[in-house]
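J.: Sequence first, then the predicted structure, then my questions.
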Amino acid sequence: MKPERLIYTFVSYAAHYDADWGKGVALDGIKRTAELAHKYGIPVTWIVNRGSIPVLRERIGEWHAAYGDDVILQCPFFEEEAGSSKEVLKRRLEEDWSLLQEVFPWATTKVAARGKIYNEVIEVLEELDFEGMWGYCYEQFWWDGITHKGIPWGSWYVDSGSFKVPHPGRGQVVACEWTARDLHATYHTGSPVIYSTDPNDVLRAGLCTGENIDYWKHLFDEYLFNTDHNGQVFFLQQQEGHEMEFTDRFTVFPASHVEECAGMLDLFFNYITSYPITLTTLPHAVRLYKEQNEYTAPSYMLTHDYPVRPEINEYTMTLGGVGFGPWPETFLYYDKECQLSFVEGECRPRLLRNYIGKLNMNDDFTEAVPPVFVTKYLKTDTVIELEYEIGSSSAVPFGLVYWDDLAGYEVSACSGGAEVKLIKDKLAFLRFNLTGGRQTIGLTLRLKRRLEGHA
């Protein structure tokens with residue numbers, strides 16, 4: 001593992017509300033959240049709005065000086081608050097950012113926050129030189145009025161003309177997810193809200209308690225496990241400040257849930273800070289992403305099952321229940337052109353999402369997987385040779401995986417224009433584009449000489 005490549009950010013909503021479940025600013029919950037994170041040296045990125053900025057001026061200013069806390073700006077709802085007008089949205093964002101910078105002059109990287117995202121929102125952010133947009137929800141459908149099914153996980157450059165799709169070149173705005181998901185369970189169940197890093201969601205699902213976060217430890221370990229073959233692995237976690245208090249002002253969840261979630265976060269912060277990971281704020285994470293990646297960076301995630309299952313209750317049954325495993329080892333991948341998912345033992349992807357030229361944001365970009373035939377397979381003590389034949393009637397981004405014990409092997413040759421990456425001595429991943437018609441891809445893996453007793 002290369003734990004320093006895991007970039008952990010903790011984000012917390014600290015906005016002003018006027019709702020049936022809460023009014024004002026959740027000062028008690030915000031203070032409690034800050035104390036939990038700062039106890040372990042974790043800086044908090046606070047999501048603020050025009051109502052909370054003056055209220056939190058002194059607190060966040062002190063936390064910035066002492067712990068490096070930062071702020072990002074809650075974006076007005078495009079439809080509900082801006083009336084679907086780009087001009088209104090732009091004016092509101094300009095006014096709100098001006099207020100934010102007046103109060104917090106050290107906030108220089110402009111990041112907006114909201115779960116309901118549209119092309120027009122990204123366009124306005126680009127016009128106003130924003131660099132990040134927090135609130136993307138991998139595989140999410142319906143919950144909280146957010147449907148982002150089809151997007152990549154983690155961070156990627158957004159295409160302002162297709163807000164759910166990576167930019168084909170170097171975009172300006174970096175997508176930041178709402179909170180990290182369990183990629184393995186999410187893929188196999190389609191339940192990203194249940195299988196996630198959100199404290200209240202995993203508590204209600206029975207996956208964690210204030211005394212037991214073994215599930216979260218596994219989830220975090222999965223991201224750490226994949227730091228060997230990724231330049232950066234982003235792990236963002238969010239907990240609303242207003243869900244961390246039970247007072248006359250805010251009653252989102254019962255007091256018992258507040259206590260359980262506090263216990264979960266305390267245990268989790270203690271666990272992750274035992275590793276030499278990179279702890280930073282979201283604005284700084286956005287800068288790190290842009291410094292290292294000219295285009296959307298490919299993500300390679302080899303994922304595993306964990307033998308804990310959610311309870312069957314009113315919450316987990318909301319969308320018809322949640323699938324139970326066990327599920328096989330799974331390799332998940334995306335780049336600026338596609339998203340691919342492979343199940344252990346199968347060379348052909350079970351899921352193919354094509355991001356090229358997509359304009360319908362109600363789509364999840366899934367395409368039919370063309371047939372794949374292995375026309376040559378030879379394995380000796382030192383060499384593995386394969387030849388694949390793929391038939392496709394259209395041009396489409398594609399990939400194949402060869403699963404085997406590949407300890408000590410290296411790529412000797414590859415034909416057909418494919419790029420090959422070996423992952424954890426478990427698989428060889430071949431990435432290439434189909435051009436339409438029949439296509440042949442050859443792969444030769446050879447045992448390294450030094451493992452055969454040679455110099």
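T.: Alright, I've got the coordinates.

J.: ok, now which ones touch the residue lying closest to S191 once chain neighbours are set aside?
T.: The shortest distance from S191 to any non-neighbouring residue, by C-beta to C-beta, 6 or more residues apart in numbering, is to V322 (4.8 Å). Bear in mind the C-beta positions are built from the backbone N, C-alpha and C, glycine included. The neighbours of V322, taking C-beta atoms under 8 Å, 6 or more residues apart in numbering as the test, are 189, 191, 194, 205, 310, 316.

J.: Inside helices: which ones of those residues?
T.: T189 (DSSP state H).

J.: Any chance of the contacts of V322 in a markdown table with distance to P166 and neighbour count as columns?
T.: Formatted as a markdown table, the contacts of V322 follow (distance: C-beta to C-beta, whole Å; neighbours: other C-beta atoms under 10 Å):
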| residue | distance to P166 | neighbour count |
| --- | --- | --- |
| T189 | 24 | 19 |
| S191 | 24 | 26 |
| I194 | 26 | 26 |
| A205 | 30 | 23 |
| P310 | 31 | 23 |
| T316 | 32 | 21 |
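
J.: Mind checking which of the contacts of V322 are in strands?
T.: For the contacts of V322, not one is inside strands, with DSSP state E as the criterion.

J.: Could you identify the most distant pair in the contacts of V322?
T.: Greatest spatial distance among the contacts of V322 (C-beta to C-beta): T189 and A205, at 11.4 Å.

J.: Report the separation between the residue sitting nearest the centre point of the chain and S274.
T.: Taking C-alpha atoms, centre = their mean, the centroid of the chain lies closest to G154, which sits 2.7 Å from it. G154 sits 23 Å away from S274, going by C-beta to C-beta, to the nearest Å.

J.: and what of F234?
T.: 20 Å.

J.: buried stuff in stretch 169-183?
T.: Neighbour counts over stretch 169-183 (16 or more other C-beta atoms under 10 Å) mark 171-183 as buried.

J.: Tell me the one of these nearest Y215?
T.: Among the buried residues of stretch 169-183, and counting by C-beta to C-beta, the member closest to Y215 is D182, at 8.2 Å.

J.: who are the neighbours in contact with that closest one?
T.: 192, 195-196, 219, 222.

J.: want to try TSV for these, with neighbour count and pLDDT as columns?
T.: Below are the contacts of D182 laid out as TSV (neighbours: other C-beta atoms under 10 Å; pLDDT from 0 to 100):
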residue	neighbour count	pLDDT
P192	28	97
Y195	28	97
S196	27	98
L219	26	98
E222	20	98
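
J.: Quick one: those as JSON lines, columns for distance to V121 too.
T.: Converted to JSON lines, the contacts of D182 look like this (distance: C-beta to C-beta, whole Å):
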{"residue": "P192", "distance to V121": "21"}
{"residue": "Y195", "distance to V121": "27"}
{"residue": "S196", "distance to V121": "23"}
{"residue": "L219", "distance to V121": "29"}
{"residue": "E222", "distance to V121": "31"}
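
J.: Quick one: low-confidence residue ranges for the stretch 351-455 of the chain.
T.: Within the stretch 351-455 of the chain, the segments meeting pLDDT under 70 span 450-455.

J.: can you do 90?
T.: 392-393, 449-455 (pLDDT under 90).

J.: And the stretch 151-300 of the chain, by the same measure?
T.: Checking the stretch 151-300 of the chain against pLDDT under 90 turns up nothing.

J.: So which residues of the stretch 1-150 of the chain form helices?
T.: Per DSSP state H, counting those that start in this stretch, the stretch 1-150 of the chain carries helices over the ranges 27-38, 57-67, 86-103, 119-127.

J.: re the thing from before, can you tell me which of the buried residues of stretch 169-183 are in strands?
T.: Short answer: those in strands (DSSP E) are 174-177.

J.: Can you tell me which of those residues is closest to G391?
T.: Closest to G391, out of all of these and judged by C-beta to C-beta, is A175, at 34.1 Å.

J.: need the contact list for the closest one.
T.: 132-133, 136, 151-152, 155-158.

J.: repeat that with 10 Å
T.: 117, 122, 132-136, 138, 148, 151-159, 163-164, 166-167, 286, 289, 296 (C-beta atoms under 10 Å, 6 or more residues apart in numbering).
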